[in-house]
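> Structure, please.
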Amino acid sequence: MGTQEQRRRRRRTWIVVGTSIVVAAVILALFLVAYLRASAYRTGPIPPVPLGAEFGFGTLSEFKAGTIYYYNFTGVTGGGGLALNNLQFQVKHSGNAIVVPTTLNVFSWLSPTVPLATWWFAIDAWSGNTTLVVNSTMTFVMTSTFSLSGGTIYAFGVNGFSSQVSTPIA
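A predicted model of the protein is given here:
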């Protein structure tokens with residue numbers, strides 16, 4: 001009878017050990033699933049893309065009609081999906097003073113007379129279709145009631161784009 005009792009005890013021990021291992025494995029699997037799901041939402045911030053890799057000023061030209069000065073340039077792009085709302089503009093004149101031109105209108109060969117979007121310098125904001133991706137068919141036309149010659153136009157990257165690019169206004 002002693003051997004039969006020992007067998008029962010061993011069997012109970014193995015059942016307890018086996019059940020404990022299964023429970024521990026299930027708990028570990030649940031923690032692993034929870035960790036993986038949570039880590040999908042904690043990837044951290046995406047490093048910003050330098051603006052110079054995605055946008056640059058093409059040739060800038062100036063002309064005057066009546067009392068309005070016009071400054072035209074094309075946007076040179078890197079093709080990385082830079083939208084207009086990823087850009088902000090500023091003009092500085094001699095002595096590094098910020099000046100406020102009127103607008104910066106964006107035209108395309110598909111829409112040569114009606115702007116696709118407009119940057120308003122006085123309120124630092126866009127209007128129009130600002131989700132358009134900047135491309136080589138776009139022409140930027142900055143208007144001002146005073147000459148900007150000798151100044152510099154700056155484009156700043158926002159919303160995932162960093163730094164700035166600039167070009168002198170001749």
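> Next up, the contacts around residue 100.
Residue 100 sits next to 91, 121, 122 when contact means Cβ atoms under 8 Å, 6 or more residues apart in numbering. No exception for glycine: its C-beta is placed from N, CA and C like everyone else's.
> Let me know the distance separating the second one from residue 145.
Same thing as residue 121. As defined by Cβ to Cβ, to the nearest Å, residue 121 lies at a distance of 12 Å from residue 145.
> The residue lying closest to residue 131 once chain neighbours are set aside - how many residues pack around it?
With sequence-adjacent residues excluded and distances taken as Cβ to Cβ, 6 or more residues apart in numbering, residue 131 is closest to residue 83, at 5.3 Å. When counting by other Cβ atoms under 10 Å, one arrives at 17 neighbours for residue 83.
> one step back: for residue 121 and residue 145, indicate the residue with more neighbours.
Each of residue 121 and residue 145 has its neighbours counted (other Cβ under 10 Å); residue 121 has more, 20 against 10.
> Show me where this protein dips below the pLDDT cut-off.
For the chain, the stretches with pLDDT under 70 are 1-2, 34-47.
> hmm, back to that, bridging residues for the residue nearest to residue 131?
residue 133 (DSSP bridges).
> Find the residues that touch each one of residue 121 and residue 145.
residue 102.
> hang on, isn't residue 90 packed against residue 151?
No. The pair residue 90 and residue 151 fails to qualify as a contact (Cβ atoms under 8 Å) at a distance of 10.2 Å.
> Neighbour count for the two, which is higher?
Using other Cβ under 10 Å, the more surrounded residue of residue 90 and residue 151 is residue 151, with 21 against 18.
> Look up how far residue 111 lies from that one.
Applying Cβ to Cβ to residue 151 and residue 111 gives a distance of 28 Å.
> Spell out, range by range, the strands that occur in the protein.
All strands of the chain, identified by DSSP state E, fall at 49-50, 55-57, 61-65, 68-77, 87-93, 97-99, 103-108, 117-120, 125-128, 138-144, 152-157, 161-162, 164-168.
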